[in-house]
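Colleague: Just a sequence and a predicted model for now, questions to come.
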Amino acid sequence: MSDKQKQSEKVAEKNYEPNKKNQSDTDKDLEKVHEQINDAFNQGTIDEKEKQKEKN
């Protein structure tokens, strides 16, 4: 297995862990993505917000 494949597997196995100290760049990126997905899930997408405005 090449180094690139090993690195890919290591990144793929990572999970978001809140309150983790000394975060690596990958951990910080996972945190950003987690927040974006959470916001989209809870608030909806921009097009859904526009549809809701039109209904009201």
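Modeller: Cool, the structure landed.
Colleague: Where do the strands of the protein begin and end?
Modeller: Here the chain has no strands by DSSP state E.
Colleague: where does it have its least confident helix or strand?
Modeller: Of all helical and strand segments in the chain, the minimum by mean pLDDT, DSSP states H and E falls on helix 3-12, at a mean of 75.
Colleague: Just the CA trace of that helix, in CSV.
Modeller: Taking C-alpha atoms only, helix 3-12 is exported to CSV below (Å, rounded to 0.1, in the frame of the first residue of the first chain):
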residue,chain,number,x,y,z
ASP,A,3,1.9,6.3,1.4
LYS,A,4,-0.9,8.2,-0.3
GLN,A,5,-3.4,5.4,0.2
LYS,A,6,-2.4,5.1,3.9
GLN,A,7,-2.9,8.8,4.3
SER,A,8,-6.2,8.7,2.6
GLU,A,9,-7.4,5.9,4.8
LYS,A,10,-6.2,7.7,7.9
VAL,A,11,-8.2,10.9,6.9
ALA,A,12,-11.3,8.8,6.0
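Colleague: how close does the residue most central in space within the chain sit to residue 50?
Modeller: Nearest residue to the geometric centre of the chain (CA atoms, centre = their mean): residue 33, 1.9 Å. From residue 33 over to residue 50 the distance is 24 Å, taken as CB to CB, to the nearest Å. For the C-beta atoms, the positions are set from N, CA and C on the backbone; glycine is no exception.
Colleague: show me where pLDDT drops low in this protein?
Modeller: When residues are selected by pLDDT under 70, those of the chain lie in 11-12, 14-20, 22.
Colleague: max-length helix in it?
Modeller: helix 25-43 (DSSP state H).
Colleague: And it, what's buried?
Modeller: For helix 25-43, burial by neighbour count (16 or more other CB atoms under 10 Å) applies to residue 30.
Colleague: got the CA coordinates for that helix in CSV?
Modeller: What follows is helix 25-43 as a C-alpha-only set of coordinates in CSV (Å, rounded to 0.1, in the frame of the first residue of the first chain):
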residue,chain,number,x,y,z
ASP,A,25,-5.5,21.1,10.0
THR,A,26,-7.7,18.1,9.2
ASP,A,27,-9.5,18.3,12.5
LYS,A,28,-10.1,22.0,12.0
ASP,A,29,-11.5,21.3,8.5
LEU,A,30,-13.8,18.6,9.8
GLU,A,31,-15.1,21.0,12.4
LYS,A,32,-15.9,23.6,9.7
VAL,A,33,-17.7,21.0,7.5
HIS,A,34,-19.6,19.7,10.6
GLU,A,35,-20.8,23.2,11.4
GLN,A,36,-21.8,23.8,7.8
ILE,A,37,-23.8,20.6,7.5
ASN,A,38,-25.4,21.2,10.9
ASP,A,39,-26.4,24.7,9.8
ALA,A,40,-27.8,23.5,6.5
PHE,A,41,-29.8,20.7,8.3
ASN,A,42,-31.2,23.0,11.0
GLN,A,43,-31.8,26.2,8.9
